[in-house]
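Colleague: what's the 3D shape of this:
(2 chains)
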Amino acid sequence: MSVLSDDELRFIAALKRRDPRAFNALVLKFQDRVYGLCFRVLRHPEDAREVAQEVFVSVFEKVDTYRGEAALSTWLFRIAINHSRNRLKYSGRRKERHKDSFDDMLVQPTSGPLNAEVVRPDQAHNRKRVAEAVEAALQELDDDQRIMVVLRDVEGQSYEDIAEITGAQLGTVKSRIHRARQRLKLLLAPHLDPDDPTSV
Amino acid sequence: MNPPDKSQDQDVTPDPLAGDARVQRFIEKRMGRAEREAYLAEIVAEPEKARELQDLERIVEVLHAAPVLEAPPHFLRDVQGRIRRRTRGRYFGVTVSHRLPWEAIINGVLLFVLFVVYFFGMPIADKRVLVPIPKATFEARTDNHGTAAAVLYGLGKVDQVVTNGHTYYRLVVAPDRVELAEREIALYPFLSIEGRAEVDTGMLLNIRYVAR
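Modeller: Reported below is the predicted structural model:
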């Protein structure tokens, strides 16, 4: 049973016809999120770039297999996670942290896709510092924990969708996300400032 | 991908929130206001648990605020290129503006070939073009000072002749300007002077000067 609206169904139909305008719109809409997901999973910008591009190529090639049982983003992220895992499996960079600044990749350093809070200018510097600490802490997580907590808390996917994306049991998803958050709490403890509500 | 590691889910670190299914709903702000207040009132007697909840709540807030990472420049174009190569140009094929300018390349090659043929095929001007030696007459002149001049009509005229016991002459020949090397010639009566020079035009000149 499809969970898509009529507009989404028409869009999917256009994708299945290999309508270039529809495909271009899909890429433009999701390229940042797919790339961001791949980067946070792979922890390397070049790998993330290649994998993210391959994700959309796979979408183009396999869109006929999409049946609308899950949201298009869920299906897209599942492809992204599969590609990323394959890259992690065969890459020798699993333990290599990307140490370069990711400033150039930031679109909105002070807000994320789930946060519509207005940030005062004087908080921008602190938020940027915290963002960098968060990215560094994410890189310290185990691969599965990192994937799941990013899908949940950064991309806003539901637990059920994360189970669908990762192929894990729902209980395992919840458990690993909880453990990931606890681990992040320990890693980000030095950045916790109880007196500053704008800090971590 | 990491093999399934169940130890991740059975952390030995004591978890004050273990077994509480409401934790995730609380820290993810999925509780209604009343339920949230009730939960907070319940855990007020458990400061460790309350602190853990607050910390986790802030972690989730921070993750929610994680910045959007921008895809690299020309991302769409690169994706299209991959598809084009993968489908051998069937999809996202290059437009005329992107197609290699084969016509321009071919025309350029043809022009180059023509240029080479023209440049190297042209007969090379023989610098040593033989000019028919015109008939010339000369008029010997003498003056009272023993200065003699010779004018060769048809060949040009002697540019300068000065005698002071020696004769220097410079012959300028028209139409080609031919300059004979200056030669020092001793004047002697009835001396036949012949000069021969091969200059750029390959003209052979026989100059006979008879002094009187």
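
Colleague: List the residues that contact A:F60.
Modeller: Residues in contact with A:F60 (Cβ atoms under 8 Å, 6 or more residues apart in numbering or on different chains) are A:R18, A:F23, B:I83, B:Y91. C-beta here means a position set from N, CA and C on the backbone, and glycine is covered the same way.

Colleague: mind redoing it with 7 Å?
Modeller: Contact partners of A:F60, counting by Cβ atoms under 7 Å, 6 or more residues apart in numbering or on different chains, are A:F23, B:I83.

Colleague: Looks to me like it is in a helix.
Modeller: Yes. Counting by DSSP: H, G, I helix; E, B strand; the rest coil, A:F60 is found in a helix.

Colleague: So it versus A:E155, what's the distance?
Modeller: Distance of A:F60 to A:E155, given as Cβ to Cβ, to the nearest Å: 22 Å.

Colleague: okay, and for chain B, where does confidence drop off?
Modeller: B:1-14, B:16, B:18-19, B:94-100, B:122-212 (pLDDT under 70).

Colleague: before we move on, what about chain A?
Modeller: Scanning chain A for pLDDT under 70 picks out A:1-3, A:92-119, A:192-200.

Colleague: which residue is nearest the centroid of it?
Modeller: Nearest to the mean C-alpha position of chain A, by Cα atoms, centre = their mean, lies A:L37 at 2.9 Å.

Colleague: Can you name the residues that contact B:A71?
Modeller: A:Q31, A:D32, A:Y35, A:A52.

Colleague: Does anything pack onto the longest helix anywhere in chain A? Which helices or strands?
Modeller: As assigned by DSSP state H, the longest helix anywhere in chain A is helix A:20-42. With contacts taken as 3 or more Cβ pairs under 7 Å, 6 or more residues apart in numbering or on different chains; DSSP states H and E, helix A:20-42 sits against helix A:6-16, helix A:45-62, helix A:72-90, helix A:143-149, helix B:75-86.

Colleague: okay, those, which one's buried deepest?
Modeller: Mean neighbour count, computed with mean count of other Cβ atoms under 10 Å in any protein chain shown, is highest for helix A:143-149 among the helices and strands packed on helix A:20-42, reaching a mean of 24.

Colleague: Beyond that helix, next helix or strand please.
Modeller: Once the chain leaves helix A:143-149, the next helix or strand it forms, by DSSP states H and E, is helix A:159-166.

Colleague: before we move on, the earlier item: next, the angle helix B:75-86 makes with the longest helix of chain A.
Modeller: Comparing the axes of helix A:20-42 and helix B:75-86 via axes from the mean of the first three to the mean of the last three Cα atoms, to 10 degrees yields an angle of 100 degrees.

Colleague: Can you point out the buried residues in helix A:20-42?
Modeller: For helix A:20-42, burial by neighbour count (16 or more other Cβ atoms under 10 Å in any protein chain shown) applies to A:22-23, A:26-27, A:30-42.

Colleague: Break chain A into its domains for me.
Modeller: For chain A, automatic domain parsing gives the domain ranges A:1-91, A:120-200.

Colleague: Throw these into CSV and include distance to B:A104, thanks.
Modeller: Converted to CSV, those look like this (distance: least, Cβ to Cβ, whole Å):
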stretch, distance to B:A104
domain A:1-91, 27
domain A:120-200, 48
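
Colleague: Nearest to B:D55, out of the ones you listed?
Modeller: Checking the domains of chain A against B:D55 by Cβ to Cβ gives domain A:120-200 as the closest, at 5.0 Å.

Colleague: That closest one vs chain B: in contact?
Modeller: Yes. Residues of domain A:120-200 contacting chain B under Cβ under 7 Å from any Cβ of the partner chain: A:130-131, A:134, A:142-145, A:149, A:153-154, A:172, A:174-176, A:178-179, A:181, A:184-185, A:188, A:200.

Colleague: if we can go back for a sec, just checking, the residue nearest to the centre of chain A touches A:V150?
Modeller: Yes. With contact defined as Cβ atoms under 7 Å, A:L37 reaches A:V150; the gap is 6.4 Å.

Colleague: of all the contacts of B:A71, which comes closest to B:R25?
Modeller: Lowest distance from B:R25 to the contacts of B:A71 (Cβ to Cβ) belongs to A:D32, with 29.1 Å.

Colleague: if I pick the closest one, what's in contact with it?
Modeller: So A:D32 contacts A:V107, B:V68, B:L69, B:E70, B:A71 (Cβ under 7 Å, 6+ apart).

Colleague: where does B:G93 land in three-state SS?
Modeller: The local conformation at B:G93, judged by three-state DSSP, is coil.

Colleague: Excluding covalently adjacent residues, which one is nearest to the residue nearest to the centre of chain A?
Modeller: Leaving aside its chain neighbours, A:L37 sits nearest to A:A80 (5.4 Å; criterion: Cβ to Cβ, 6 or more residues apart in numbering or on different chains).

Colleague: ok, so what distance separates the one you found from A:G156?
Modeller: Taking Cβ to Cβ as the measure, A:A80 falls 15 Å from A:G156.

Colleague: Please apply the same query to B:R82.
Modeller: The gap separating B:R82 from A:G156 is 28 Å, by Cβ to Cβ.
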